[in-house]
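[1] Everything below, folded, please.
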Amino acid sequence: MGIINLTPDSFYEGSRISSVDGALQQAEKMLNYGATFLDLGAYSSRPGADDISVQKEMDRLLPVVETIAKQFPDAIISVDTCRAKVAETAVNSGAHIINDISGGSLDAEMFVTVAKLNVPYILMHMKGTPKTMNLLANYGDLFGEVYDYFIDKCHQLRQLGVNDVIIDPGFGFAKIGHQNYELMGRLQELNALQLPVLVGVSRKKMIQNLLGVASEDALNGTTILNTIALTKGANILRVHDVKEAVEAIKVWEAVNA
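    Take a look at the predicted model:
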């Protein structure tokens, strides 16, 4: 899953795209490298990010969704949003999947909207908002809380008729330092839920802080963590660097053929 950030303040400067043409070029490059999905986001979810209006998010997002859907009709478009109105408008404009970092907690209409749209839903674990989440990284049992969160949320979704759910443990979202590595170390235990698992660690602080590098120099650590995630059952890798991720998958598949 290739990340296309339509925001001026995403944590990794190299991923920021400010025009429809730029997004189109990035989409073409990612698809040529072998991306299965394109994940479009117009609302920054980096720690401490400021809120923006629904209208601003849609103004950034919808022209890109419409253009990519038209130019690359076979591409699977995911929309990274926690707002039901944005999700519905994006799907009606050509998107196929909703990727909600809040797991429905920031918009009470999200689960009902996903059920109505009848599209796959990426359910991520997070507490609070991007602005407050790192203040809420307190757990008695980190993995247990994440696991129970998925059981509860998936039950709510199934009650509404949503059965096509992908889970994302939310690395870096209300999780700091060693907590992320503890979660990665137990990632395979999520397979008991019998749902596809998405892992998004690309160039994040968990790598930067451990290795003492900036996001620009965190590709090697990203590739290592992506490979570890594959060994633990991850089904989707959400990345800034599609070429390198596809290469990691090919090598892993060859070893396990």
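
[2] Pretty sure E244 sits in a helix.
    Yes. Assigned with DSSP: H, G, I helix; E, B strand; the rest coil, E244 falls within a helix.

[3] Which residue lies closest in space to it, excluding its sequence neighbours?
    T223 (5.5 Å; C-beta to C-beta, 6 or more residues apart in numbering). To be clear about C-beta, it is placed using only N, CA and C from the backbone, and glycine gets the same treatment.

[4] Confirm for me that that neighbour is in contact with I249.
    No. Applying C-beta atoms under 8 Å, one finds T223 not in contact with I249, separated by 10.6 Å.

[5] Settle it for me: which of these two has more neighbours?
    Comparing T223 with I249 by other C-beta atoms under 10 Å, the one with more neighbours is T223, at 19 against 16.

[6] so that one is in which element?
    Using DSSP states H and E, T223 sits within helix 219-231.

[7] Run through who's touching that helix.
    Residues outside helix 219-231 that contact it (C-beta atoms under 8 Å, 6 or more residues apart in numbering): 184, 187, 199, 201-203, 207, 210-211, 213, 234, 237, 239-241, 244-245, 248-249, 251-252.

[8] do the same with stretch 137-147
    So stretch 137-147 is contacted by 125, 127, 169-170, 174-176, 179, 182-183, 186, 189-190, 193 (C-beta under 8 Å, 6+ apart).

[9] now stretch 154-172, how far from the centre of its chain.
    Centroid displacement of stretch 154-172 relative to its chain, using C-alpha atoms, centre = their mean, to the nearest Å, is 13 Å.

[10] end-to-end on that stretch?
    One end of stretch 154-172 sits 22 Å from the other (C-alpha to C-alpha, to the nearest Å).

[11] May I have the phi/psi pair for D21?
    phi -60, psi -40 (degrees, to the nearest 10).

[12] Now do it, the pLDDT please.
    D21 is assigned a pLDDT of 91 by the prediction.

[13] do the same with T132
    At T132, the model reports a pLDDT of 85.

[14] in the helix holding T223, what's buried?
    Going by neighbour count (16 or more other C-beta atoms under 10 Å), the buried part of helix 219-231 is L219, G221, T222, T223, L225, N226, T227, I228, A229, L230.

[15] Can you add distance to I52 and pLDDT and give the residues you listed back as a markdown table?
    Putting these into a markdown table (distance: C-beta to C-beta, whole Å; pLDDT from 0 to 100) gives the following:
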| residue | distance to I52 | pLDDT |
| --- | --- | --- |
| L219 | 29 | 97 |
| G221 | 30 | 98 |
| T222 | 27 | 98 |
| T223 | 32 | 98 |
| L225 | 30 | 98 |
| N226 | 30 | 98 |
| T227 | 35 | 98 |
| I228 | 34 | 98 |
| A229 | 30 | 98 |
| L230 | 34 | 98 |
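
[16] Can you add distance to Y139 and give the residues you listed back as CSV?
    CSV is the format used below for the buried residues of helix 219-231 (distance: C-beta to C-beta, whole Å):
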residue, distance to Y139
L219, 29
G221, 24
T222, 25
T223, 28
L225, 21
N226, 24
T227, 26
I228, 21
A229, 21
L230, 26
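
[17] just the helices in the stretch 151-257 of the chain please.
    Using DSSP state H, counting those that start in this stretch, the helices found in the stretch 151-257 of the chain span residues 178-185, 205-211, 219-231, 242-255.

[18] All set now, cheers.
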